[in-house]
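Novice: What follows is a predicted structure for the sequence shown.
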Amino acid sequence: DGVEVAVGPGTPRAETGSRLATALLAYVAAITAVVTLLPFQFAIPTQPRVMLSGGLVDVLANVALFVPLGFLYAVARQDATVSPHKIALVGLGVSGWIECIQIFEVTRYASLSDVVANGSGAYIGAGLQRLLSRRIAMDAKTVGRLSLELPLMGLVYLLIPLLWVD
């Protein structure tokens with residue numbers, strides 16, 4: 001009916017949204033780990049394979065990979081004081097962890113540009129969340145639209161890793 005509903009940090013709807021965002025964040029993080037660590041052939045390297053930079057397509061793909069993570073992390077926190085800069089630091093830490101694991105991956109190279117690109121993607125995602133949260137009022141119509149679009153986005157996130165693996 002278009003009536004706006006105030007959603008504060010202590011209301012049941014805000015807690016439900018935060019739990020949903022946390023579940024989606026865990027799912028997207030797991031998909032990201034699978035995509036970045038395939039084909040799971042770990043070994044102790046005789047010589048570490050580290051690159052400083054990758055190609056433009058690789059950098060753009062790494063930025064795009066962490067945009068949903070930054071966005072969902074900001075939604076899951078439900079805290080307006082968490083700046084995109086802090087979320088970018090979390091993205092840099094997670095990306096650094098992934099790249100350290102890739103050193104032990106036989107067919108992969110760790111890259112410093114991947115860490116920077118992933119941190120930038122987390123920053124962009126957090127900035128988008130902050131921008132969108134200011135512009136979108138949660139009313140009954142918006143909630144109705146999201147109830148249809150969230151399962152469809154889940155389907156997209158299922159298909160992307162399958163296409164990547166293929």
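Specialist: Structure received. Numbers count the residues shown, from 1 in each chain.
Novice: C-alpha from now on. contacts and neighbour counts both.
Specialist: OK.
Novice: surely Gln41 meets Gln102?
Specialist: No: assessed by CA atoms under 8 Å, Gln41 is found out of contact with Gln102, at 9.9 Å.
Novice: So between those two, which is more surrounded?
Specialist: Shown here are Gln41 and Gln102; by other CA atoms under 10 Å, Gln102 has more neighbours (24 against 12).
Novice: what pLDDT does that one get?
Specialist: Here, the pLDDT recorded for Gln102 equals 89.
Novice: Which residue is the nearest non-sequential neighbour of it?
Specialist: Leaving aside its chain neighbours, Gln102 sits nearest to Ala110 (5.6 Å; criterion: CA to CA, 6 or more residues apart in numbering).
Novice: ok, now which ones touch the one you found?
Specialist: Neighbouring residues of Ala110 by CA atoms under 8 Å, 6 or more residues apart in numbering: 49-51, 99-100, 102-103.
Novice: Repeat that for Leu72.
Specialist: By CA under 8 Å, 6+ apart, Leu72 lies in contact with 21-22, 24-25, 125-126, 129.
Novice: and it, backbone torsions?
Specialist: With angles defined as degrees, to the nearest 10, Leu72 sits at phi -70, psi -30.
Novice: Tell me who's in contact with Val59.
Specialist: So Val59 contacts 113-114, 117 (CA under 8 Å, 6+ apart).
Novice: between those residues, which is nearest Ala30?
Specialist: Checking those against Ala30 by CA to CA gives Asp114 as the nearest, at 17.7 Å.
Novice: quick one: least confident helix or strand in the chain?
Specialist: When the helices and strands of the chain are scored by mean pLDDT, DSSP states H and E, helix 140-165 comes last with a mean of 62.
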